[in-house]
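Student: with the sequence up front, the predicted model follows.
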Amino acid sequence: MTQFENSLSVPVPTSSTVAPISVGNSLVPNQNQIAYFMSGATRSYEARRNSLLKLKAALQKHEHTLLEALHKDLRKHPNEGYVSELGIIYDEISHVLKGLKGWMKPRRVATPMSLQPASSHIVSEALGRVLVIAPWNYPLQLAINPAVGALAAGNVVMLKPSELTPHTSKAIATLVRETFDPGLFQVVEGGVDVSTRLLEEQWDHIFFTGSTGVGQIVALAAAKHLTPCTLELGGKSPCIVTRSANMSLAARRIVFGKLLNAGQTCVAPDYLLVEKGAEDELLKAMIKEVEMRYGQNPLENTQLPCIVNDRNFQRLSAFIQPKLVAHGGRTNAMERLIEPTFMINVPLDHPVMMEEIFGPILPIVTFDKLDDAIRIINSREHPLALYIFSENADEQERVTRSCRFGGGAINDTLMHLANANLPFGGVGKSGYGRYHGKNSFDCFVHQKAILKTATWFDMPIRYAPWTPMKDKLVRLFLR
């Protein structure tokens with residue numbers, strides 16, 4: 001995600017306290033949450049299930065307000081708001097509820113002969129207090145979905161929504177305040193000062209979604225307390241199109257993945273690598289798709305989302321060079337709208353190729369051989385996502401095996417996120433840790449190892465004094 005995605009950009013503080021924190025007019029009730037967690041109120045299956053059901057019911061009750069807030073902040077059409085935010089949360093809650101009881105059970109594992117007679121099992125233990133810092137691009141989904149995993153795992157949650165989407169932040173805060181005991185789930189609104197103050201505290205886990213630069217600040221703050229983190233970041237996610245691809249289908253799915261939320265998506269295709277000889281056909285098909293979805297003049301289409309703020313609008317507008325534009329390029333500064341824009345034959349050192357775009361601008365680079373495309377990808381930081389459109393199984397295999405990336409899809413974009421059975425997360429500078437479904441539960445628990453040894457027999461070979469016979473027996477077991 002871009003450097004502007006999250007407002008936290010200040011030096012990491014160096015002091016800490018366990019007392020309640022006053023941040024502006026807000027109070028961070030640390031001791032309340034500590035007491036709530038230590039009371040054991042979050043431990044049972046019934047308590048966790050009840051929390052998730054209450055959350056889903058509250059989202060349904062406030063659905064109109066939430067969708068309206070998303071429209072006010074990002075001009076998201078209610079259908080897009082439901083598909084890309086609310087619906088995903090509902091699906092995540094349903095998936096977690098189906099598996100939760102089984103996930104909570106101690107997991108039996110094998111015990112080696114050298115430790116017999118004994119049994120071994122793993123207990124998934126809640127970590128404690130979880131801090132979730134959410135971004136602005138999907139301000140509802142990326143705030144609530146991590147909280148779903150944290151609550152399911154038996155934790156208490158402090159959520160900091162993005163101040164860059166104030167209507168959604170307020171709607172989330174109202175929903176949570178009306179639904180939950182603040183000891184279990186609390187929302188604190190505010191800007192940089194609030195995020196900074198929160199990071200001064202010692203948490204049991206920090207979950208951050210945002211830019212790589214801010215992720216480094218979060219990781220540094222967490223390291224002071226040896227707090228584990230999940231960092232969901234971003235990067236320039238490539239999309240390869242070979243001559244074997246179904247061009248009309250590739251165009252449809254690339255345009256969908258790029259233009260959802262006006263391109264302000266951390267796993268949107270950031271640039272196209274197209275095999276020479278296929279670029280003209282693909283470009284024509286993508287232009288046709290844009291006109292079909294948004295009309296001849298997308299800037300007049302009320303379903304086109306806006307750029308989040310003036311700073312991002314100006315940054316994106318500066319990328320557009322008329323001599324490279326094959327389609328689009330027009331903007332509306334008053335409404336912060338940018339027409340879907342395709343730039344052709346873009347040099348690899350062009351500014352648009354130097355940072356994550358995070359907008360409806362798609363540069364196109366051609367390659368001669370697939371190895372050239374792979375080399376371009378591997379010469380850059382590991383992206384959060386990668387996509388390849390090809391009907392050739394060997395090409396698909398070569399790309400997915402040769403490139404390092406967080407996750408992706410073959411002959412599609414974005415939709416790997418829709419499968420709760422797949423982990424979502426980055427690698428390298430695109431982040432670390434993973435969540436969604438069972439992975440969300442695992443993200444917020446400690447896997448506690450337990451060995452239970454029988455008392456009716458005690459293996460003598462592990463005790464001194466050492467003898468040649470004991471040495472032979474030890475070597476028999478441990479080899």
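Tutor: Sure thing, it's come through. Numbers count the residues shown, from 1 in each chain.

Student: apart from its neighbours in sequence, what residue is nearest the residue nearest in space to the middle of the chain?
Tutor: For the chain, the residue nearest the mean C-alpha position is E232 (4.4 Å; Cα atoms, centre = their mean). The shortest distance from E232 to any non-neighbouring residue, by Cβ to Cβ, 6 or more residues apart in numbering, is to T209 (4.2 Å). Where you see a C-beta, it was placed from the backbone N, CA and C, and this is true even at glycine.

Student: any idea how far the one you found lies from K323?
Tutor: Relative to K323, T209 is positioned 36 Å away (Cβ to Cβ, to the nearest Å).

Student: go on, M247?
Tutor: Distance of M247 to K323, given as Cβ to Cβ: 25 Å.

Student: please parse this structure into its domains.
Tutor: What automatic domain parsing lists as the domains of the chain is 21-234+431-447, 238-425.

Student: now do the last one, average pLDDT.
Tutor: Read it as domain 238-425. Averaged across domain 238-425, pLDDT comes to 97.

Student: next one: the longest one
Tutor: The predicted model gives domain 21-234+431-447 an average pLDDT of 95.

Student: and of the domains of the chain, who's closest to T455?
Tutor: Closest approach to T455 among the domains of the chain is made by domain 21-234+431-447 (9.3 Å; Cβ to Cβ).

Student: the stretch 1-150 of the chain: strands as residue ranges?
Tutor: For the stretch 1-150 of the chain, strands defined by DSSP state E, counting those that start in this stretch occupy the ranges 21-23, 26-28, 107-109, 118-126, 129-133.

Student: which one of the ones you listed lies closest to F457?
Tutor: Closest to F457 of those is strand 118-126 (Cβ to Cβ; 9.9 Å).

Student: so what does the closest one touch, helix or strand wise?
Tutor: With contacts defined as 3 or more Cβ pairs under 8 Å, 6 or more residues apart in numbering; DSSP states H and E, the packing partners of strand 118-126 are strand 107-109, strand 445-453.

Student: coming back round to it: and of the domains of the chain, who's closest to Y463?
Tutor: Short answer: domain 21-234+431-447, nearest of the domains of the chain by Cβ to Cβ, at 13.9 Å.

Student: what about R336, how many neighbours?
Tutor: Neighbourhood size, R336 [other Cβ atoms under 10 Å]: 21.

Student: wait, I meant Q396
Tutor: If we define neighbours as other Cβ under 10 Å, then Q396 has 18 of them.

Student: host element of it?
Tutor: Following DSSP states H and E, one finds Q396 within helix 393-402.

Student: I'd guessed G295 sits against N301; true?
Tutor: Yes - counting by Cβ atoms under 8 Å, N301 is a contact partner of G295 at 5.4 Å.

Student: need the residues touching each of those two.
Tutor: By Cβ atoms under 8 Å, 6 or more residues apart in numbering, G295 and N301 have no common neighbours.

Student: can you lay out the helices and strands packed on strand 118-126 as TSV showing distance to L370 and mean neighbour count?
Tutor: Below are the helices and strands packed on strand 118-126 laid out as TSV (distance: least, Cβ to Cβ, whole Å; neighbours: other Cβ atoms under 10 Å):
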stretch	distance to L370	mean neighbour count
strand 107-109	42	11
strand 445-453	40	13
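
Student: what's the closest of those to N439?
Tutor: Across the helices and strands packed on strand 118-126, the minimum distance to N439, taken as Cβ to Cβ, is reached by strand 445-453, at 11.1 Å.

Student: pull out the CA atoms of that closest one and give them to me as PDB.
Tutor: Output in PDB follows, covering the C-alpha atoms of strand 445-453 (Å, rounded to 0.1, in the frame of the first residue of the first chain):
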ATOM      1  CA  VAL A 445      -3.400 -17.600  19.500                       C
ATOM      2  CA  HIS A 446      -0.300 -19.100  21.100                       C
ATOM      3  CA  GLN A 447       0.200 -22.800  20.200                       C
ATOM      4  CA  LYS A 448       1.000 -24.100  23.700                       C
ATOM      5  CA  ALA A 449       2.800 -27.500  23.700                       C
ATOM      6  CA  ILE A 450       1.900 -30.000  26.400                       C
ATOM      7  CA  LEU A 451       3.600 -33.300  27.100                       C
ATOM      8  CA  LYS A 452       1.800 -35.600  29.600                       C
ATOM      9  CA  THR A 453       4.000 -38.300  30.900                       C
END
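
Student: immediately after it, which helix or strand?
Tutor: Moving toward the C-terminus from strand 445-453, the next helix or strand (DSSP H and E) is helix 468-477.

Student: pLDDT averaged over that next one - what is it?
Tutor: For helix 468-477, the mean per-residue pLDDT is 89.

Student: quick one: contacts of that helix?
Tutor: For helix 468-477, contacts defined as Cβ under 8 Å, 6+ apart pick out P112, M113, S114, P460, I461.

Student: would you mark the buried spots in it?
Tutor: L473 (16 or more other Cβ atoms under 10 Å).

Student: can I get that helix as PDB, trimmed to CA atoms?
Tutor: Extracted C-alpha coordinates of helix 468-477, given in PDB (Å, rounded to 0.1, in the frame of the first residue of the first chain):
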ATOM      1  CA  PRO A 468      27.900 -47.900  28.000                       C
ATOM      2  CA  MET A 469      24.600 -49.700  28.000                       C
ATOM      3  CA  LYS A 470      22.700 -46.400  28.500                       C
ATOM      4  CA  ASP A 471      24.800 -44.900  25.600                       C
ATOM      5  CA  LYS A 472      23.700 -47.700  23.300                       C
ATOM      6  CA  LEU A 473      20.100 -47.400  24.300                       C
ATOM      7  CA  VAL A 474      20.100 -43.600  23.800                       C
ATOM      8  CA  ARG A 475      21.700 -44.000  20.300                       C
ATOM      9  CA  LEU A 476      19.000 -46.600  19.500                       C
ATOM     10  CA  PHE A 477      16.200 -44.000  20.200                       C
END
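
Student: residue boundaries of the strands in the stretch 151-300 of the chain?
Tutor: Taking DSSP E, counting those that start in this stretch, the strands of the stretch 151-300 of the chain run over residues 156-160, 185-187, 205-209, 229-232, 238-241, 271-275.

Student: quick one: which of those strands is nearest S119?
Tutor: That would be strand 205-209 among these, by Cβ to Cβ, at 29.3 Å.
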